[in-house]
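Participant: okay, sequence plus prediction incoming.
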Amino acid sequence: MTALTRLLITIFLGGLGIHKFIDKKPLQGVLYIFTFGLFLFGWIIDIVMAVQFYNKTRIDKIENTCKILAIIFSAILLIGSFGQIGTEDFDFISFLLSLISSIAIIKIFIIDNKNHELSYGNINVTHKSNNHVNSVQSNTSNTDVSSSTSENEDLGFRIRVSSGYNRNTDINDNKIGVLSGNYYNEQEMILDKYKDLKTPNYIIIQINEQLNPTGSMYYVDDMVELSNKYKDKYVESADFYPFSSYWAQIRDLNEYQLKWYLFWRKEFLNGHILDTDISYIFIFSYELICYTFNQNAAFNVSVLEKLYNSYKELFPKLSNYLPEWIDDMLSEVGYFFNKNDNEIDNVEEDMLVNSLTSMSDLDKININIWRKHYNENKSELTNKQLSLIYGNQKFNNRLKKYAGSLAKYYIDNKIDIVKKWFEIKVVTEKKSLFNSVPCSLERREGTFKYKKFFSNSVFEHDLNQITKLCFDLVFPPDNVSENDYVINQYSEGKYELPEEFFYMYFKRKTKKDDSLPSNKEDTLPKKEFSIDMNVVSDNSKKIDFVKSNSKKIDFSEDEIDFFKLFEDSVLEKRKAQQYFIKKGVMLNAYITKLNEKYYSSINKEVVSIEDDVLRLNIETEEII
Amino acid sequence: MTEAQLNDIVTALNSGLVPRSGIENIMVGREDVIEQIDKDLENVKNGLSMTKFIIGKYGTGKSFMQALITQKGYDKNFVVSKVDFSPYRRLYNNDGMGRATYVEIIKNMTSRTSNTNTIESIIEMWIGNQISLFSSEPDFDLTNEEYINKIVLNIKKEIKDMDTCFGGTDFSDVLTIYLKAYIDGNVGRQRDCIKWISGEYPNVTLAKRDLGVSVIINDQNYYEFLKVICRFVVLAGYSGFIINFDEVVNLYKISIKTIRDKNYEMILRIFNDTIQGDIHNLFITFSGTPQFLEDEFKGLFSYGALKRRLSSNKYEDNELYDYSQPVLKLRNLTNEEIFILLKKLVNIHELYYKYESNITNEEIVDYIKVQFNNLENNKITVGEIVRDFFGLLNVLQKNPQLNMAQLINSNKKGEESSKSELDSVFDRFESI
């Protein structure tokens, strides 16, 4: 019985529990008959499960089929329930139930499927935030970079967006044409430098434990299981199928992807480098790191390095992970531990050294990185002075500027500053291994050896001199210009800096200053205080004091009537308002006009308006 | 000079402010500017509009100039308003900052005779004009419904012609409500109307509850409304409306470029409207520092259209000034002018306290000499010198046995000691 027939039976006859009889569960079937599919709910759940089962077996058509079936079914339910309305059989509860269930079905299938589209359809969107996975687009754009084999052209890159999501456990190997057998030469792959490596015993023991789980083991990673299952399998030919996922695992592959993965792995191990998605590379890397594909450490490290070298140009992101993992693997098997110091050629990058040698971005280097390189205890500055410069932006900028200038001076004079200022020492360090690798093996701490730049006493000395110089520049004694002071100090032998460098930055500059004034203010002749008494005496006339002549003002009769309302020069605003309404005049307007009218003759307001009262500012005798 | 002016001047100078009246008595060295402003105000009175930018360094007397314009305006029967921009008061912004400027303009409106409630009297004068159209009729009575309806109809018709942005109805509704409230003696309702006209309603809900009006003055429409207020001022019988914007540097300080540009756009709009005759009888001044005007990155000149309009006359220099252009650049006072100023102060002090001062010209010259360096280095402004000198005169008047040289020297010592103390404080900060 195919999944489709089973699904159809569940949909159309599930109410009677027929699918339960097919599943050989007759008791449940009888129960379904009498309860009409457990009051519809059991039926619906079974449909969902049948669709999920169908999902697993097929890749295409799922969404559409689901949608169509859901719509058909809910339509049947709705028609049925609405058809009942008005007939004698009409049962409100069953009508309601069928309504609810049809809505639920639409919701489950149609809206759920939309979510699926979002999460799997728009792969490019998720890629942007994805560390492990490169985008499909970048893959297609780079197809011509490494099309090294003739098979490549035959394959013809067909980019399809994965519409389904499948668990590998259900894939039928025979169907996709998986073959077993030895398909690569282990010895050929091993690089010369790694041929002596041997797999530590504790790893082999752990792998065997995982593959033959005993009662004491509570968890077995299916990664080990699956990887072991497919380690001898390969596919003769396959089409490229895009794949991208975080922490990609074999179980995440669907049948097409698995087919491509097995084919690509075989081709890679036979020296044919095909274009692929970055997630396939990660899966293979995990297999190698976890020793599940092959238990030979020499082989695993060699293949990992080859993998990195082959694909680092196509996927630059690999350089964030694979080199570190290769180092981790090497340290795990004791590669560094057995080596002498002079055999080591890994050098840790140093920002300061890099920018000093290239003379770029010196200003961007944090002051703390400079500090790291010189010993403050040996500084000639006192503790108080040191506390002054700590966090002083002006000082920090000067320090960077002059230290950079000194380096430039050395470079100009063909002195190798790396040799002069730094020495390279081998450092042994322990750290935990394989962060961010999904693997259930217990890993130990690894021992690393690498070379690192250390500043030597010459750099310490030079930097101390520059610190002193910068301190004097930033905090010169009172009343002394910075440059003068610094030059005096130099001639007294305070700073042991190369003479030419010093003159380059100070003496010459001050010589320039003598000929060309640096500040504009200095060039302007300073204004002398002067006052021309002739001009003054012409203009300073005595101010005449004019006394305001108190003329008698003639107010109109109207106004005098208004003034008569005041009692002790005060009038309530409300009363005044009533008075003016009778006259058909606005209060404020009247008073403003009144004030304007007599302003020129009495120089103050006749009536002033306060909050709720009016105040008369002239004396009543004056009026009458 | 009258007694009232003398009082004004002395009280203002004692507290270091610009006097409210009689300002020309203590004014020195700005005769040509005053002449120009007189002409401009005369033009504005005759129906023109104008925008002036008063640009000068800190302490060159920008605020003094605006005070002078205010006083000249009073003399010519203008209504004057003064607004200081602040971080919360701008020409354009969304969160009510534009409206806040409008509120401030209306609140600070003053005329020669009234300091407060000027908007109220302007509105009443306008409504009074509408009433007076009917008051000549024989049986006129303001409490009569018939006449009220006639007046209301007339108000609506007038406003509809005047008002460009409200569709007329809401504003005339408010005026009608005001008239009816006045007749009923309902002071609270009258105040609500004034509150609406002053733009103090923060949202429509409150305005609708109080007045039943569905439009308020907000950040978007306040400028249109300002034009209407300007019309009202003229119709109420004044010569025009002067708005002095001070502390324009607050617009310069806005850190977000788009908002700063919007504010400058508003300045441009006002400038264009005044120049092109869209508004009548409006005189606007902006006072700011040269930085505010000329900074190519953040100043007015960063806005291309304004740069073209406001760039200075090429042919003017330190000696020759062209005051008829939109930008008035104030220069520093010369020593001679300061001398005349101080001499005038002595004169005024004598007049006010009615005594004979024994200060000689040489002593005044010595005083200027002491302040000269500070003045050159922008450490002190002329305003501060005037205040200090006035304080000195007060002390001398009360202690006739002292002479000026002694006081100057003792003051100098005090300054030095306070300075060294300050320095040590800063030193301590630096060492931390």
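Facilitator: Nice, I can see it.
Participant: the strand or helix carrying residue A:490 packs against which elements?
Facilitator: Using DSSP states H and E, residue A:490 maps to helix A:482-491. On a contact count with 3 or more CB pairs under 8 Å, 6 or more residues apart in numbering or on different chains; DSSP states H and E, helix A:482-491 meets helix A:457-474, helix A:508-515. Backbone N, C-alpha and C define where each C-beta goes, glycine included.
Participant: and the first one with helix A:482-491, angle?
Facilitator: When you say that, I think you mean helix A:457-474. Here helix A:457-474 points in a direction 140 degrees away from that of helix A:482-491 (axes from the mean of the first three to the mean of the last three CA atoms, to 10 degrees).
Participant: so which residues of the stretch 201-350 of chain B form strands?
Facilitator: For the stretch 201-350 of chain B, strands defined by DSSP state E, counting those that start in this stretch occupy the ranges B:240-246, B:282-288, B:327-329.
Participant: now the ones you listed in JSON lines, with mean pLDDT and mean neighbour count?
Facilitator: As requested, the strands of the stretch 201-350 of chain B are exported to JSON lines (pLDDT from 0 to 100; neighbours: other CB atoms under 10 Å in any protein chain shown):
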{"stretch": "strand B:240-246", "mean pLDDT": "93", "mean neighbour count": "25"}
{"stretch": "strand B:282-288", "mean pLDDT": "92", "mean neighbour count": "25"}
{"stretch": "strand B:327-329", "mean pLDDT": "86", "mean neighbour count": "20"}
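Participant: what about the ones you listed, which gets the closest to chain A?
Facilitator: When the strands of the stretch 201-350 of chain B are ranked by proximity to chain A, the top entry is strand B:240-246, at 14.9 Å, counting by CB to the nearest CB.
Participant: and that closest one, which strands flank it?
Facilitator: Its sheet considered, strand B:240-246 pairs with strand B:78-84 (parallel), strand B:282-288 (parallel) by DSSP bridges.
Participant: that older thread, format the strands of the stretch 201-350 of chain B as CSV; extra columns: distance to residue B:217.
Facilitator: Supplementary listing: the strands of the stretch 201-350 of chain B in CSV, determined by distance: least, CB to CB, whole Å:
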stretch, distance to residue B:217
strand B:240-246, 16
strand B:282-288, 18
strand B:327-329, 31
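Participant: low-confidence regions, the stretch 401-550 of chain A specifically.
Facilitator: Counting by pLDDT under 70, the low-confidence segments of the stretch 401-550 of chain A come to A:435, A:440-444, A:479, A:482, A:504-529, A:534-550.
Participant: burial count for residue A:438?
Facilitator: For residue A:438, the number of neighbouring residues by other CB atoms under 10 Å in any protein chain shown comes to 15.
Participant: ok, and what's touching stretch B:395-410?
Facilitator: When contacts are defined by CB atoms under 8 Å, 6 or more residues apart in numbering or on different chains, stretch B:395-410 is touched by residues B:349, B:353, B:355, B:357-359, B:363, B:366-367, B:370, B:392.
Participant: could you turn the buried ones of these into a PyMOL selection?
Facilitator: What follows is the PyMOL syntax selecting those of the contacts of stretch B:395-410 that are buried according to 16 or more other CB atoms under 10 Å in any protein chain shown:
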select buried, chain B and resi 349+359+363+367+370+392
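Participant: neighbours of residue A:193, how many?
Facilitator: With neighbours defined by other CB under 10 Å, the count for residue A:193 comes to 12.
Participant: actually residue B:176, sorry about that
Facilitator: Residue B:176 has 20 neighbouring residues, counting by other CB under 10 Å.
Participant: name the SS class of it, please.
Facilitator: helix (DSSP: H, G, I helix; E, B strand; the rest coil).
Participant: next SSE after the helix holding residue A:490?
Facilitator: Once the chain leaves helix A:482-491, the following helix or strand, as judged by DSSP H and E, is helix A:499-502.
Participant: mind giving me the packing neighbours of that following helix?
Facilitator: On a contact count with 3+ CB pairs under 8 Å, 6+ apart, helix A:499-502 meets helix A:393-412.
Participant: now the angle from the helix it packs on to helix A:457-474?
Facilitator: Between the direction of helix A:393-412 and that of helix A:457-474, the angle (the same axes, to 10 degrees) works out to 130 degrees.
Participant: sketch out the low-pLDDT regions of chain B for me.
Facilitator: Scanning chain B with the threshold set as pLDDT under 70 gives B:163-168, B:314, B:316-320, B:376-379, B:409-432.
Participant: so residue B:173 sits against residue B:213, correct?
Facilitator: Yes - here residue B:173 lies in contact with residue B:213, judged by CB atoms under 8 Å, at a distance of 5.7 Å.
Participant: measure residue B:403 to chain A for me?
Facilitator: Distance, residue B:403 to chain A, using CB to the nearest CB, to the nearest Å: 20 Å.
Participant: and that residue, backbone torsions?
Facilitator: For residue B:403, the backbone dihedrals are phi -120, psi 170 (criterion: degrees, to the nearest 10).
Participant: still on that earlier bit, inside helices: which ones of the contacts of stretch B:395-410?
Facilitator: Restricting the contacts of stretch B:395-410 to those inside helices, with DSSP state H as the criterion, leaves B:349, B:353, B:363, B:366-367, B:370, B:392.
Participant: dump the residues you listed to JSON lines, plus distance to chain A.
Facilitator: As requested, these are exported to JSON lines (distance: CB to the nearest CB, whole Å):
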{"residue": "B:349", "distance to chain A": "11"}
{"residue": "B:353", "distance to chain A": "13"}
{"residue": "B:363", "distance to chain A": "13"}
{"residue": "B:366", "distance to chain A": "11"}
{"residue": "B:367", "distance to chain A": "11"}
{"residue": "B:370", "distance to chain A": "10"}
{"residue": "B:392", "distance to chain A": "18"}
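Participant: just to revisit the earlier point, I'd like the strands paired with strand B:240-246 laid out as a markdown table, including distance to residue A:569.
Facilitator: Rendered in a markdown table, the data for those read as follows (distance: least, CB to CB, whole Å):
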| stretch | distance to residue A:569 |
| --- | --- |
| strand B:78-84 | 27 |
| strand B:282-288 | 37 |
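Participant: who wins for proximity to residue A:491 among these?
Facilitator: strand B:282-288 (50.6 Å; CB to CB).
Participant: so who does residue B:117 touch?
Facilitator: Residues in contact with residue B:117 (CB under 8 Å, 6+ apart) are A:588, A:609, B:194.
Participant: give me the neighbour count for the closest residue to residue A:319 other than its chain neighbours.
Facilitator: Using CB to CB, 6 or more residues apart in numbering or on different chains and skipping the chain neighbours, the partner closest in space to residue A:319 is residue A:312 (5.8 Å). If you count neighbours by other CB under 10 Å, residue A:312 ends up with 14.
Participant: any idea which helix or strand carries the nearest residue to residue A:585 once chain neighbours are set aside?
Facilitator: Excluding its sequence neighbours, the residue lying closest to residue A:585 (CB to CB, 6+ apart) is residue B:128, at 6.2 Å. Using DSSP H and E, residue B:128 maps to helix B:118-135.
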